[in-house]
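Peer 1: Provided below for reference: sequence and predicted model.
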Amino acid sequence: MTDTLLELSAIEKSFFGIRVLKGVDLSVPSGATVGLVGENGAGKSTLMNLLCGNLRADSGTMRIDGGPYAPRSPRDAEQMGIAIVHQELNLFANLTIAENLFLTTFPRRFGMIDRREIRRRSSDLLEQVGLELPPDRVLETLSAGERQLVEVAKALNLDARLIVFDEPTTSLSSRESERLFALMDRLKRRGISMIYISHALGDVLRLCDHLVVLRDGEVVGEGKRETFTIEGMIASMVGREIEQLFPPRSDRSPGETILAASGVSRLPSVHDVSLNVRAGEVVGLSGLMGSGRTELARILFGLDSLESGTIDLAGERVDRLSVRERIRRGMAMLTESRREDGLCMDASIGDNLSLVAGPRFAENSAGWLGQSRLTAAIDEIRAAVRLTPTAKSEQAVKTLSGGNQQKVVLGKWLLNQPRLLILDEPTRGIDVGAKYEIYCLIQGLADRGSGILVISSEIEELVGLCDRILVMNRGRIRDELRCDAFDRHRILRSSMHDGHLPESPS
């Protein structure tokens, strides 16, 4: 045994002749939390896939407790006490909590599954993670935060000594995040080591003892937490200072009304909502999780029907039209989950980019595509969204980093030249460099006359990006602020369910 639980040395990995990891060194002390940060595409996920047995390194060595470690499968990693809590949870929503916990390790008695033992051990594991739920609850009835805790309980069931948390708070509310952080603190006191990967750099500084910064597959910063600042991490991640996290505001003036919603209701989520978005305007929609923001966006786009009210697009009534017809008239929506709703993950980059705009490139009534025109348009959009030049259009979109996947989703809609673009959490899980590029795309689209409606859980993002901010609370618009009067305290107070916060200091 040594004081270092895990040591990676000179790790190299290439895909299609492109070096993704370039001699990476990483060590994790026993009972410590190591933060791993970097832009999307820096190599974090590849490194963790090597650690957990999903991939094999081209060269370099891995050691656990001083002994050699070369996993050929995730099962090898589990047997060595290594578990990973993915951003996209590796759980089955149609199974119970207990079935998810013991999916590959069902205890048996006399050759039969011992359900009494499963229930006893499940209850113990749930108690360890602070989840007061019966083991026979079906997973799909749990909140995102509760599912995250089940994933941690699953790791503890494997007697994990090292747990990797890969963007664990992406889909969590602030309360659920705090619950997870408290659990991580308890795990640390028990001597369990952790690797924490997150773009929330404030959380990284708060939780981690040691930090490692990756850029383009290389370690460019490493040391104790006390030696880092958020600004220093950003500079190391992107290779330059980012003095301004948001592009400068244009002096454009809003034009005609693009979206006009009046008295929109769909109980219990949305109650009598009225709003408008004008050409060249970026309107933010703030509120807590469960406030009705996403539900309202789905109604506006036609994914869910409304019970009462009207929706007009550029003066034309569209609330009775299908999603297809709304798209044809110039409406677009980037959904909260790019992987589930925004992309065909196994399809190519080019096919994903042309998903929506394909009919615009038909050359005759039979619907034959003008392939040369479409290819030229795809190349233009790739350049416009600054998609990584190393990715070929024929390459599966699932091989891209999260930031580049988000750019493909945006490019898909931009290719269709939308009048109105609804963006639901457009930068969730995206690194700071890619965020800036997406902000520039949003501002550029507004400059060209599109109306933009942005839903975000980050108040700073809305303040830095929007011309107006609407605040939702319990399905209603509770407040409206213009950019010359943005007040973070007021936004938060208006979004709180109980409505009670102390007044802003004078």
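Peer 2: Arrived safely, thanks for sending. Numbering: from 1, shown residues only.
Peer 1: use CA for all of it now, contacts and neighbours both
Peer 2: Noted.
Peer 1: doesn't residue 116 lie inside a helix?
Peer 2: Yes: assessed by DSSP: H, G, I helix; E, B strand; the rest coil, residue 116 belongs to a helix.
Peer 1: offset the numbering so it begins at 89, please.
Peer 2: Sure, I'll start counting at 89 from here, so that last one is residue 204.
Peer 1: what comes up buried for the helix or strand residue 501 falls within?
Peer 2: Per DSSP states H and E, residue 501 falls inside helix 490-502. Neighbour counts using 16 or more other Cα atoms under 10 Å place 490-502 of helix 490-502 among the buried residues.
Peer 1: then stretch 209-221?
Peer 2: 209, 210, 211, 212, 213, 214, 216, 217, 218, 219.
Peer 1: coming back round to it: what packs against the helix holding residue 501?
Peer 2: Counting contacts by 3 or more Cα pairs under 8 Å, 6 or more residues apart in numbering; DSSP states H and E, helix 490-502 is packed against strand 419-422, helix 437-441, helix 459-472.
Peer 1: residue 352 against residue 364, yeah?
Peer 2: No: if you go by Cα atoms under 8 Å, residue 352 and residue 364 don't touch, sitting 11.9 Å apart.
Peer 1: those two: which has the busier surroundings?
Peer 2: Taking other Cα atoms under 10 Å, residue 352 and residue 364 do not tie; residue 352 has more neighbours (24 against 16).
Peer 1: OK, contacts around that one?
Peer 2: Counting by Cα atoms under 8 Å, 6 or more residues apart in numbering, residue 352 touches 358, 359, 360, 361, 362, 394, 395, 396, 397, 398, 399.
Peer 1: so what's the third one up against?
Peer 2: If a contact means Cα under 8 Å, 6+ apart, then residue 360 has 350, 351, 352, 353, 397, 564 as its contacts.
Peer 1: in the sheet, which strands lie alongside the helix or strand residue 94 falls within, parallel or antiparallel?
Peer 2: Assessed by DSSP H and E, residue 94 sits inside strand 92-103. When pairing is defined by DSSP bridges, strand 92-103 lines up against strand 106-117 (antiparallel), strand 147-152 (antiparallel).
Peer 1: now render the ones you listed as CSV, adding mean neighbour count.
Peer 2: Below are the strands paired with strand 92-103 laid out as CSV (neighbours: other Cα atoms under 10 Å):
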stretch, mean neighbour count
strand 106-117, 18
strand 147-152, 17
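Peer 1: between those, which one is closest to residue 390.
Peer 2: strand 106-117 (40.9 Å; Cα to Cα).
Peer 1: can you map out the strands along the stretch 489-594 of the chain?
Peer 2: With DSSP state E, counting those that start in this stretch as the criterion, the stretch 489-594 of the chain has strands at 508-512, 539-543, 556-561, 564-570.
Peer 1: out of those strands, deepest packed?
Peer 2: Most buried of those, by mean neighbour count (mean count of other Cα atoms under 10 Å): strand 539-543, with a mean of 26.
Peer 1: now for that one, which elements pack on it?
Peer 2: strand 358-366, strand 370-374, strand 508-512.
Peer 1: what is the mean pLDDT for the longest one?
Peer 2: Model confidence over strand 358-366 averages 95 on the pLDDT scale.
Peer 1: direction included, what does it pair against?
Peer 2: Partners of strand 358-366 in its sheet, by DSSP bridges: strand 345-354 (antiparallel).
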